[in-house]
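>>> coords below, sequence missing:
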């Protein structure tokens, strides 16, 4: 009896421990739920709250308290702008050239409710739509234009994503194409074409430069010849004008001297003075001729100076 009583007491003690453990677990679970009901929303984030499985509200940044067991945070949306890499994909251009294109999308959540319930995964959907739109746009362009029309491709993708984003609660800011990679054969052909175009432009530039230099040289020679001829013309004009002025001045001086001589001859003793001056000049000339070893004709009477003058034709 004593042993059975002891066993009964031991069994009751174990049962109490189990019950205490259960109540402790329930208390901890309730404490966890009450702590979980305290919600701190960071800046540029939005928490979508459901009550008993139905949308209740969207919590903005700040401190919030939810009802335990009834409210729960179903979705957490990041409101900051984010980038999504679009993986490389193969596209065919209008001239049937296979190119590989990849890019990056810049999007932002503007409506947390639509981003949570409007689509399952807006990031994956935006990436897929960007790929399909890129393929369709590149299919309307030749290979050469795909490298030139990147802005057109980006604008078209942004336009399509914006229309879809209205129901997804997102805004697409821009789409940038990172790489357009053609096959190696096409790349080699393009490099040869680029090199040929560069050589053509170099030859054209060289020929144009040579043409311009020849034109400049010919124009310089023409200008030089014109300047020389104009200078020679002006020199001759100046020389002629100088000679004309000299002749006029000599003529005027000669006329004045003759006039003065005539007036002087009319004066008393003027004729004798003239004869004397002429005789003196003649003798000086005779002296010069004799010194030069030239033949001189003399009159018979060397003392008759008047006969000398008559021979010389002076008088």
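Yep, it's here. Bear in mind the structure is a predicted one, so any value in this text is a computation, not a measurement.

>>> where does this protein dip in pLDDT?
1-13, 187, 190, 269-278, 281-283, 285-315 (pLDDT under 70).

>>> Try it again at 80.
Under the criterion pLDDT under 80, the flagged ranges of the chain are 1-16, 27, 29-37, 69, 144, 147-148, 183-195, 255-258, 260-315.

>>> Just give the number of residues close to residue 255.
10 (other C-beta atoms under 10 Å). All C-beta spots, glycine's among them, are computed from the backbone N, C-alpha and C.

>>> quick one: it from residue 87, how far?
In this view, residue 255 and residue 87 are 114 Å apart by C-beta to C-beta, to the nearest Å.

>>> likewise residue 16?
Distance from residue 16 to residue 87, by C-beta to C-beta: 62 Å.

>>> Please spell out which residues along stretch 31-48 are buried.
37, 41, 45, 46, 47, 48 (16 or more other C-beta atoms under 10 Å).

>>> ok, the residues you listed vs residue 234, which is closest?
residue 45 (92.3 Å; C-beta to C-beta).

>>> Would you check that residue 42 makes contact with residue 61?
Yes: contact criterion C-beta atoms under 8 Å: residue 42 and residue 61 qualify, at 6.2 Å.

>>> tell me the contacts of residue 137?
152, 153, 156, 157 (C-beta atoms under 8 Å, 6 or more residues apart in numbering).

>>> Kindly apply the preceding question to residue 56 instead.
So residue 56 contacts 49, 50, 71 (C-beta under 8 Å, 6+ apart).

>>> Which of these fall within strands?
49, 50, 71 (DSSP state E).

>>> Phi first, then psi, for residue 94.
Main-chain torsions, residue 94, degrees, to the nearest 10: phi -60, psi -30.

>>> separation between it and residue 116?
40 Å.

>>> What of residue 176?
Counting by C-beta to C-beta - residue 176 and residue 116 are separated by 27 Å.

>>> do residue 139 as well
Residue 139 is 35 Å from residue 116, by C-beta to C-beta.

>>> Looking at the two, which is more packed in?
Comparing residue 139 with residue 116 by other C-beta under 10 Å, the one with more neighbours is residue 116, at 22 against 12.

>>> Look up the closest residue to the more buried one, ignoring the ones flanking it.
Among residues not flanking residue 116 along the chain, residue 75 sits closest, at 4.0 Å (C-beta to C-beta, 6 or more residues apart in numbering).

>>> Am I right that that neighbour is in a strand?
Yes: assessed with DSSP: H, G, I helix; E, B strand; the rest coil, residue 75 lies in a strand.

>>> So what's the residue count around it?
Residues lying near residue 75 (other C-beta under 10 Å) number 16.

>>> now for the strand or helix carrying residue 223, which elements pack on it?
Element membership for residue 223, per DSSP states H and E: helix 184-266. Helices and strands touching helix 184-266, as assessed by 3 or more C-beta pairs under 8 Å, 6 or more residues apart in numbering; DSSP states H and E, comprise helix 270-291.

>>> quick one, helices of the stretch 1-150 of the chain?
Using DSSP state H, counting those that start in this stretch, the helices of the stretch 1-150 of the chain run over residues 2-36, 112-117, 122-138, 143-148, 150-168.

>>> closest one to residue 212 among the ones you listed?
Smallest distance to residue 212 across the helices of the stretch 1-150 of the chain (C-beta to C-beta): 31.3 Å, for helix 143-148.

>>> What distance do you get for the residue most central in space within the chain to residue 177?
By C-alpha atoms, centre = their mean, the chain has its centre lying nearest to residue 148, at 17.2 Å. From residue 148 over to residue 177 the distance is 12 Å, taken as C-beta to C-beta.

>>> for residue 101, same thing?
In this view, residue 101 and residue 177 are 6 Å apart by C-beta to C-beta.

>>> List the buried residues for stretch 106-113?
107, 109, 111, 112.

>>> Check stretch 146-159 too.
146, 149, 153, 154, 156, 157, 158.

>>> tell me which of these is nearest to residue 239?
residue 149 (74.4 Å).

>>> Not including adjacent chain positions, what is the nearest residue to that closest one?
Closest to residue 149 by C-beta to C-beta, 6+ apart is residue 141, at 5.8 Å.

>>> Alright, that wraps it up for me.
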